[in-house]
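let's see this in three dimensions:
(2 chains)
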Amino acid sequence: MDIYLLEAIINGVLLGGVLALLALGLNLIFGVIDVVWIAYADLVMCGMYVIYWLYAELGWPLPLACAVAIIGVAGLGVLVHLLLIQPILNSAPINQLLVTGGLLFFLQSFATLLFGTEFRNIGVRLPIIEIGDIFISYARLLAFAVALIGAVALYFFLRRTFIGTAIRAIAQDRDIVGLMGVDQRRIYLVTSAIGGALAGLAACLLSLQYDVHPFIGNTFGPLIFMICVLGGLGNMIGGFIAAFVISQIIAIGGYYTNTELSYVLAFTLFIVLMFVRPRGIFAR
Amino acid sequence: MLSLAAVSAGYASFRALFDVSIEVPRGEAVGVIGPNGAGKTTLLRVISGLVPPTSGTMTFEGRAVGGLPAHRMVEQGIAHVPENRRLFPRLTVEDNLRIGAFIPQARARFAQELARVYDLFPRLKDRREQLAGTLSGGEQQMCAIGRALMSGPKLLLMDEPSAGLAPLVVEQVFELVHRIREQGLTVLIVEQNVPQVLDVVDRAYLLEVGSIKLAGTAAELKGNDFIRQSYMGL
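Model prediction:
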């Protein structure tokens, strides 16, 4: 096999890890709270600026800056829920989309105001690993491994804890969980915090590979949204698999054509699939 | 143990309960019978906090509990087996039981309570890894009752536990109510299956169009001509 193709496939898998992590976060929030956070990828952007600011500007140690970013974005998730989502929980879906869409523009404009539109890099250069004739970026490998660990941790949290069980239950029958002693509002807050923390973790991983700018959310946002819809909105395992499907299409498509065209290819396939299976490939 | 005095309640556009007063003494089983749409389900939903009362007072073990949200009522010791069972279909049997033990005092006793429920329903133990949605109707009812017992309640509310079950299974369900009572639980049960429910309860109320029309011991109601003609087909 052509080693460049192999390299593309490996890079696709590595990209898929972070996308899968973000898809898990978005699906979790949608499944539990039944609201689509259009601005989800922009929480990642906020986290990246936190890391950039603390590490590159203030000179904090990188792990500390990452920890603050994760906790900070988790807190931001809680704030978004309390200030924006809670008041519109029973509104029409279109109004909910407008609110979270409005948040997207707000966050992007606010970041532009604070940092300008320049691309900023935290300046960490991780080595390139050479296996045979294949080159793999250490940053991508690390991102993949940590994203996977995050996904597994989330899995065990949802499977093994009382709160995790309540989160899965509420996604199936939200009217009745009160009878089990579950305070719905509290579960929503916990879910928003977890969704935010996953976005914060993704911010740490992406900071090692990408420059941060106010519109970086646009690079990932539509992709994550497409992945979630493809996997069946709210279906966490479906989204997880779809992340790798999409990242392979982009990676292999990019190998045969170019990166821009591979995105066109991925979105075209998405549109076609929406005609064939409108509720996602893994619809129940 | 539980007492409602002149409780009214309803939904946005209509009132479902009018000045309902009932007493559920500790250790007894009390039935509420009546036709479809009489407000029986609403009555249980008010007691478990799913529907707030619009007026009247509700006390449980001497404490005023009217208007508390559902999750607080569970902490007080009231568990509700809802109409149509409402299991979480894509959770396993054991996860359904686990969520029943969500409140802090029940979490601490999770292993003991789980053993007790499996003791009461050996069938659930056999199927504990199975998704609840794939159980038979009777097994689902067992799981729903087990889930309610997991919170360690003092009062168990049951909404039409026999609905939609085969006659043989219905008998098993009423037999279960017997066994639950033997464990010292107080039970408030809503049923349309009048002859059988009057065999397991001590006292019963007849609810019609949102008001209590009759009250008495099970024996009194069984002998009442109106009940016999309208609800027992005799």
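
buried residues in stretch A:89-106?
For stretch A:89-106, the neighbour count (16 or more other C-beta atoms under 10 Å in any protein chain shown) marks A:96, A:99-100, A:103-104 as buried. The C-beta positions use only the backbone N, C-alpha and C, and glycine is treated the same way.

which strand residues bridge the residue nearest the centre of chain B?
Taking C-alpha atoms, centre = their mean, the centroid of chain B lies closest to B:Met158, which sits 1.5 Å from it. Bridge pairing for B:Met158 (DSSP bridges) gives the partners B:Val81, B:Ile189.

one step back: taking the buried residues of stretch A:89-106 one by one, which sit in helices?
Among those, DSSP state H puts A:96, A:99-100, A:103-104 in helices.

got these as CSV, with distance to chain B and pLDDT columns?
Rendered in CSV, the data for those read as follows (distance: C-beta to the nearest C-beta, whole Å; pLDDT from 0 to 100):
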residue, distance to chain B, pLDDT
A:Gln96, 21, 93
A:Val99, 24, 95
A:Thr100, 26, 94
A:Leu103, 29, 97
A:Leu104, 32, 96
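
can I assume B:Ala29 is in contact with B:Ala204?
No: between B:Ala29 and B:Ala204 no contact is recorded; they are 9.3 Å apart, counting by C-beta atoms under 8 Å.

those two: which is more packed in?
Neighbours per residue (other C-beta atoms under 10 Å in any protein chain shown) separate B:Ala29 from B:Ala204, with B:Ala204 holding more: 26 against 23.

and the one helix or strand the more buried one maps to, which strands flank it?
For B:Ala204, the enclosing helix or strand under DSSP states H and E is strand B:203-208. Sheet pairing here is set by DSSP bridges, and for strand B:203-208 it gives strand B:29-33 (parallel), strand B:211-217 (antiparallel).

report the mean confidence score over the longest one.
Model confidence over strand B:211-217, given as mean pLDDT, is 93.

spit out the contact partners of residue 222.
Reading this off chain A. Under the criterion of C-beta atoms under 8 Å, 6 or more residues apart in numbering or on different chains, the contact list for A:Pro222 reads A:Phe267.

actually chain B
Applying C-beta under 8 Å, 6+ apart, one finds that B:Lys222 lies in contact with B:198, B:228, B:232.

let's go with 7 Å and repeat that
For B:Lys222, the contacting residues are B:Leu198, taking C-beta atoms under 7 Å, 6 or more residues apart in numbering or on different chains as the criterion.

now swap in B:Asp202 and tell me
B:28-30, B:217-218.

so what pLDDT did it get?
Confidence at B:Asp202, expressed as pLDDT, is 94.

A:Ser262 too?
According to the per-residue confidence, A:Ser262 scores 89 in pLDDT.

returning to that earlier point: touching, the residue nearest to the centre of chain B and B:Glu83? I think so.
No: counting by C-beta atoms under 7 Å, B:Met158 does not reach B:Glu83; the two are 9.6 Å apart.

which parts of chain B are strands?
B:2-10, B:15-24, B:29-33, B:55-60, B:63-64, B:78-81, B:155-159, B:186-191, B:203-208, B:211-217 (DSSP state E).

buried sites along the longest one?
Judged by neighbour count using 16+ other C-beta under 10 Å, the buried positions of strand B:15-24 are B:16-18, B:20, B:22, B:24.

ok, that strand: who's next to it in the sheet?
Partners of strand B:15-24, by DSSP bridges, with direction: strand B:2-10 (antiparallel).

picking up where we left off before, and among the strands paired with strand B:203-208, the most buried is which?
Mean neighbour count (mean count of other C-beta atoms under 10 Å in any protein chain shown) peaks for strand B:29-33 among these, with a mean of 24.

please export the C-alpha coordinates of it as CSV.
Listed next in CSV are the C-alpha coordinates belonging to strand B:29-33 (Å, rounded to 0.1, in the frame of the first residue of the first chain):
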residue,chain,number,x,y,z
ALA,B,29,-53.5,-0.4,52.2
VAL,B,30,-56.0,2.1,50.8
GLY,B,31,-57.6,1.9,47.3
VAL,B,32,-59.0,4.6,45.1
ILE,B,33,-61.4,3.4,42.5
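
now it against strand B:155-159, angle please.
The directions of strand B:29-33 and strand B:155-159 differ by 30 degrees, with axes from the mean of the first three to the mean of the last three C-alpha atoms, to 10 degrees as the criterion.

return the distance of strand B:29-33 from the chain's centre.
Here the centre of mass of C-alpha atoms in strand B:29-33, compared against the chain's by C-alpha atoms, centre = their mean, to the nearest Å, lies 9 Å away.

who's in contact with the closest residue to chain B within the stretch 1-150 of chain A?
Sorted by distance to chain B under C-beta to the nearest C-beta, the residues of the stretch 1-150 of chain A start with A:Gly31, at 11.1 Å. For A:Gly31, the contact set (C-beta under 7 Å, 6+ apart) comprises A:171, A:234, A:236.

test my guess that the last one contacts A:Gly25.
Read that as A:Met236. No: with contacts counted by C-beta under 7 Å, A:Met236 stays clear of A:Gly25, the gap being 9.7 Å.

neighbour-wise, which of the two wins?
More neighbours surround A:Gly25 than the other of A:Met236 and A:Gly25, with 31 against 25 (other C-beta under 10 Å).

looking at this, the more buried one is in a helix?
Yes: read with DSSP: H, G, I helix; E, B strand; the rest coil, A:Gly25 is one of the residues of a helix.

so which bits of chain B are right by chain A?
Along chain B, the residues adjacent to chain A under the rule C-beta under 7 Å from any C-beta of the partner chain are B:48-50, B:69-71, B:74-75, B:80, B:82, B:86, B:88-91, B:95, B:98-100, B:102-103, B:107, B:151.

mark which of these are buried, thanks.
If you count burial by 16+ other C-beta under 10 Å, the buried members of those come out as B:48-50, B:70-71, B:74, B:80, B:82, B:86, B:88, B:90-91, B:95, B:98-100, B:102-103, B:151.

now the residue of chain B found nearest chain A, nearest residue through space, not along the chain?
Checking chain B residue by residue against chain A with C-beta to the nearest C-beta singles out B:Ala70 as nearest, at 3.1 Å. Distances taken as C-beta to C-beta, 6 or more residues apart in numbering or on different chains place A:Gly178 nearest to B:Ala70, at 3.1 Å, with adjacent residues excluded.

next, count neighbours for B:Val7.
By the other C-beta under 10 Å criterion, the neighbourhood of B:Val7 contains 22 residues.

residues contacting it?
Contacts here follow C-beta under 7 Å, 6+ apart; on that basis B:Val7 touches B:17, B:20, B:46, B:53, B:56, B:58.

that older thread, from the contacts of A:Gly31, which has minimum pLDDT?
Within the contacts of A:Gly31, A:Gly234 has the lowest pLDDT, namely 85.

nearest spatial neighbour of that one, skipping sequence neighbours?
Counting by C-beta to C-beta, 6+ apart, the residue nearest A:Gly234 is A:Gly31, at 3.6 Å.

using the three-state scheme, assign the one you found.
A:Gly31 ends up helix, using three-state DSSP.

next: A:Val264.
Of the three states, A:Val264 takes helix under three-state DSSP.

from A:Val272, how far off is the residue in the stretch 51-200 of chain A that chain B sits nearest to?
Evaluated by C-beta to the nearest C-beta, the stretch 51-200 of chain A has A:Gly178 as its residue closest to chain B, separated by 3.1 Å. With the distance defined as C-beta to C-beta, to the nearest Å, A:Gly178 ends up 42 Å from A:Val272.

check contacts around residue 214.
By default, I'm working from chain A. With C-beta under 7 Å, 6+ apart as the criterion, the residues that contact A:Pro214 are A:45, A:108, A:111-112, A:115, A:117.

not quite, I wanted chain B
For B:Leu214, the residues meeting the contact criterion (C-beta under 7 Å, 6+ apart) are B:206, B:221, B:224.
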